[in-house]
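Colleague: return a 3D structure for these sequence lines:
(one chain, ligands or ions: 1)
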Amino acid sequence: MSDLRVRFAPSPTGYLHIGGARTALFNYLLARKEKGTFILRIEDTDVARSTQESTDAILQAMDWLGLSYDEGPFYQSERFDLYKQKVAQLLAEGKAYRCYCTAEELEVKREAAMKAGGKPKYDGTCRNRSDQPEGTPFVVRFKAPHEGETTFADRIKGPITFQNAELDDLIIQRTDGTPTYNFVVVVDDAEMGLTIVVRGDDHINNTPRQILMYQALGYPVPEFAHVPMILGSDKSRLSKRHGATSVMVYREMGYLPEAMVNYLVRLGWSFGDEEIFSMDDLIEKFRLENVGKAAGVFNPEKLLWLNSHYIKTGDPARLGELLVEYLEKIGVSVAGGPDVPSVVKTLQERAKTMVEMAEGAAFYYKKELEFDEKAVAKFLTADRKPVIEAVIEQLEKSESFDHDGIEKAFGAVMAQTGLKLGKIGPVVRVALVGGTVSPSIFEVLEVLGQEKSLRRLQAALNMLN
Ligand code: GLU
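Modeller: I've put the predicted structure just below:
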């Protein structure tokens, strides 16, 4: 174990999206690579917007991606006592103050500041106020220094400096007594012993504010690494317009978690010109220094390409287990049907997603074949009866129903009918599959097995009669 401690700190206000998943992945990889600790913290202080459903969705997505954590999940909603105590500490030390300005007053001040061309900053009315009007609602504000500057050495972006004069006296506790994000994130990151905070660069502006609070609370300041945003193909911030942004929707669409992980990591991180990385490769190769400074551009075609790669090279037994689930979703049960891993092997080369694989595999398991009318009209016409009869005759005779045995049987059918395989194949395919698209006929026959194959051919023959 090293003393590196990192965290993923999602707000449970929706599903786990692509950007959040990548942040989680980078933290996970860093922890595993450095043999440190990966913490999961659910930032649910915004009670109105946080839901259990979102929390469950986030946990489920992390599990799907294989991002296991060592500590947590911690819930900020269970830590309010701690935050209260820290607010009290700052108040007692004169590092925070009660602000009694009403929303209306603040709005007037904000407008005046904007008119005067300044930043809409709190004007500090209550900063040095010593009375405590009884029964008047108040927020607690952090007393930020007005002079000097705050600098940090971002591990991805390099040194970043803010002038303290630009920073506001942030509200750390609302009128209802609940603490705010910038405050609790500091208390938690410090109390949980974070050594480096890796998060999206939409938080860069928060960092100097947070550093000042670490200092005020007497905590050591961790390191920071801000990961660039993910953009859509038109270079605007990734949104639903660019395709699904929820990680779990990709699972529904038939993507494998290893493809998703491989895809996510390359959105902003590189290792030479390599493209294919297993989780183990990543744990070995990942370095924050190789995270780019520029935003990553989301490219669904590349994700699809990776998915088809992992389907092609995947273990048929494992893909088989997944296939069963995807088949169930389209109402197909594998019970009593051909061996699932054998079915997978016939489809791995062509299916780009597990949904496609399930659609392609359904014919193996359907009790009643659905026939494509056009295919039937073209290939299952009355004049093909002798072809089907010959195929049935030869396949019945076949002693071994493997590739070689089936090939031999078809050799005999060709001799018997005087037709080329190109004429026989499509007829047999429609009889076995119901349509014109399937793995090779020999594969289909072998996987279906002698009994089922013959039954389907006989049914086609009956249809012609
Ligand atoms: N809860 C914050 C968010 O989801 C992240 C906080 C952080 O990483 O500091 O944006």
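Colleague: please count neighbours and contacts with C-alpha atoms only from this point.
Modeller: Fine.
Colleague: what sits against Tyr214?
Modeller: Contacts of Tyr214 were listed using CA atoms under 8 Å, 6 or more residues apart in numbering, and they are 186-187, 190, 220-221.
Colleague: from Ala294, how far out is Ser270?
Modeller: Distance from Ser270 to Ala294, counting by CA to CA, to the nearest Å: 12 Å.
Colleague: and what of Val444?
Modeller: If you go by CA to CA, the gap between Val444 and Ala294 works out to 49 Å.
Colleague: how many residues are close by Arg127?
Modeller: The burial count assigned to Arg127 is 19, neighbours taken as other CA atoms under 10 Å.
Colleague: I meant Ile388, not that one.
Modeller: Neighbours of Ile388 using other CA under 10 Å come to 21.
Colleague: Ile406 and Leu395 touch, don't they?
Modeller: Yes. With contact defined as CA atoms under 8 Å, Ile406 counts as touching Leu395 (7.1 Å).
Colleague: quick one, which of these two is more surrounded?
Modeller: Ranked by neighbour count (other CA under 10 Å), Ile406 and Leu395 place Leu395 first, with 25 against 22.
Colleague: more neighbours: Val444 and Ala294, which one.
Modeller: Val444 (20 against 12).
Colleague: what sits against the more buried one?
Modeller: If you count contacts by CA under 8 Å, 6+ apart, then Val444 has 346, 432, 438 around it.
Colleague: can you pick out the ones from these that are in strands?
Modeller: Among the contacts of Val444, none falls in strands (DSSP state E).
Colleague: hmm, which of these is lowest in pLDDT?
Modeller: Least confident entry in the contacts of Val444, by pLDDT: Ser438, with 95.
Colleague: neighbours of that residue, how many?
Modeller: Residues near Ser438, counting by other CA under 10 Å: 19.
Colleague: all numbers from here: first residue = 5
Modeller: Sure thing, new numbering starts at 5, so read that last one as Ser442.
Colleague: tell me which residues touch the closest residue to it other than its chain neighbours, please.
Modeller: Here the nearest residue to Ser442 in space, its sequence neighbours aside, is Gly364; by CA to CA, 6 or more residues apart in numbering that works out to 7.0 Å. Gly364 makes contact with 351, 355, 442, according to CA under 8 Å, 6+ apart.
Colleague: rerun that using 10 Å as the cut-off
Modeller: 331, 347-348, 350-351, 354-355, 358, 437, 441-443 (CA atoms under 10 Å, 6 or more residues apart in numbering).
Colleague: one step back: and for Ile410 and Leu399, which residues touch both?
Modeller: Joint contacts of Ile410 and Leu399 (CA under 10 Å, 6+ apart) are 416, 449, 454.
Colleague: which residue is nearest the middle of the chain?
Modeller: Centroid-nearest residue in the chain: Val251, 2.9 Å away (criterion: CA atoms, centre = their mean).
Colleague: hmm, that one is touching Asp67, no?
Modeller: No. Taking contacts as CA atoms under 10 Å, Val251 lies outside contact range of Asp67: 11.5 Å.
Colleague: shared neighbours, the two?
Modeller: With CA under 10 Å, 6+ apart, Val251 and Asp67 have common neighbours 61, 261.
Colleague: what about Lys389, neighbour count?
Modeller: 17.
Colleague: again, but for Trp309
Modeller: With other CA under 10 Å as criterion, Trp309 counts 15.
Colleague: list the buried residues in the host helix or strand of it.
Modeller: Element membership for Trp309 (DSSP states H and E) is helix 304-317. Going by neighbour count (16 or more other CA atoms under 10 Å), the buried part of helix 304-317 is 307-308, 310-316.
Colleague: now stretch 244-257: average pLDDT?
Modeller: Mean predicted lDDT for stretch 244-257 stands at 93.
Colleague: which residue packs closest to the residue in the stretch 305-454 of the chain that the ligand sits nearest to, ignoring adjacent ones?
Modeller: Nearest residue of the stretch 305-454 of the chain to the ligand: Leu307, at 24.2 Å (CA to the nearest ligand atom). Leaving aside its sequence neighbours, Leu307 sits nearest to Tyr267 (CA to CA, 6+ apart; 5.8 Å).
Colleague: try Val434
Modeller: Closest to Val434 by CA to CA, 6+ apart is Thr440, at 6.0 Å.
Colleague: could you measure from that neighbour over to Lys382?
Modeller: As judged by CA to CA, Thr440 and Lys382 stand 10 Å apart.
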